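> Quick one, fold the following:
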Amino acid sequence: MDGRCGWCGTDPLYVAYHDTEWGVPERDGRALWEKLILDGFQAGLSWITILRKRDAFRAAFEGFEPQEIARWGEPEVQRLLGDAGIVRHRGKIEATIGNARAYLEFGSPEAFAAHCWSFTGGEVLQPGRASLAEVPAETPESRALSKDLKARGFRFCGPTITYAWMQACGLVNDHVASCPRHRALGG
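Purely as a prediction, here's the structure:
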């Protein structure tokens, strides 16, 4: 695909992610929560690392079922710290358990999704950036969402992580304007 965003390089897994998943508007609250957790695990690492381990994460975290994860404690933390298939970081693992509890406070996946999308007015933001150099690390929307989530007990959801998540989940279309995916996603 000529004109594709340069960040995905030529790795076939990364290219497929760019071409089929990244930036596609996600409105399912459960899927949004899973992606937020994975973006939290990505902090300090490259996204391709998480993408390569995504299936192992799903297996280790029992399909990212928040009701199950919310009941976990130290035995599950120890199990995950021994799982070489995932990123073994105690703080991120413990944050996932707490984030499951915070997610459940919304009452339903639909309520979580509606809340997250409210930070963009329910619409996909279409900035139409000409180059990757124009893409910010965070925005007023990601700062507001991050502050809100933290106030609700979420962790590993700073404004940079939150903005990367907003891009990945299609709350903002940050495919560069020359990328065919930008146009395909409404830009």
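> Quick check: buried residues in the helix or strand where residue 182 lies?
Per DSSP states H and E: residue 182 is located in helix 180-184. Neighbour-count burial for helix 180-184, counted by 16 or more other C-beta atoms under 10 Å, picks out 181-182. Yep, even glycine has a C-beta here, placed from its N, CA and C like the rest.
> cool, and stretch 69-86?
In stretch 69-86, counting by 16+ other C-beta under 10 Å, buried: 69-70, 72, 76, 80, 83, 86.
> Ok, stretch 101-120 next?
Result for stretch 101-120 [16+ other C-beta under 10 Å]: buried residues 102-103, 106, 109, 112-113, 115-117, 119-120.
> Could you single out the nearest of these to residue 33?
Taking C-beta to C-beta as the measure, residue 33 lies nearest residue 103 of these, at 5.0 Å.
> In JSON lines: the buried residues of stretch 101-120, plus distance to residue 11.
Below are these laid out as JSON lines (distance: C-beta to C-beta, whole Å):
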{"residue": "102", "distance to residue 11": "33"}
{"residue": "103", "distance to residue 11": "31"}
{"residue": "106", "distance to residue 11": "35"}
{"residue": "109", "distance to residue 11": "31"}
{"residue": "112", "distance to residue 11": "31"}
{"residue": "113", "distance to residue 11": "30"}
{"residue": "115", "distance to residue 11": "34"}
{"residue": "116", "distance to residue 11": "29"}
{"residue": "117", "distance to residue 11": "30"}
{"residue": "119", "distance to residue 11": "31"}
{"residue": "120", "distance to residue 11": "29"}
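> Mind checking which of the residues you listed are in helices?
Those of the buried residues of stretch 101-120 mapping onto helices are 102-103, 109, 112-113, 115-117, per DSSP state H.
> can you list the residues you listed in TSV and add distance to residue 169 and pLDDT?
TSV is the format used below for those (distance: C-beta to C-beta, whole Å; pLDDT from 0 to 100):
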residue	distance to residue 169	pLDDT
102	18	98
103	15	98
109	13	98
112	12	98
113	10	98
115	13	98
116	8	98
117	9	98
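> Now find how far off-centre the lowest-mean-pLDDT helix or strand in the chain is within its chain.
Lowest on mean pLDDT, DSSP states H and E among the helices and strands of the chain sits helix 180-184, with a mean of 93. A distance of 20 Å separates the centroid of the chain from that of helix 180-184, by C-alpha atoms, centre = their mean, to the nearest Å.
> Also stretch 171-183?
Between the centre of stretch 171-183 and the centre of its host chain there is 17 Å, according to C-alpha atoms, centre = their mean.
> now what about stretch 14-33, what contacts it?
With contact meaning C-beta atoms under 8 Å, 6 or more residues apart in numbering, stretch 14-33 is reached by 1, 4-5, 7-9, 35, 47-48, 51, 64, 66, 99, 103, 106, 108-114, 116-117, 124, 167-171, 173-175, 181, 185.
> let's see it at 6 Å
8, 48, 51, 103, 109-110, 112-113, 116, 124, 168-170, 173, 175, 185 (C-beta atoms under 6 Å, 6 or more residues apart in numbering).
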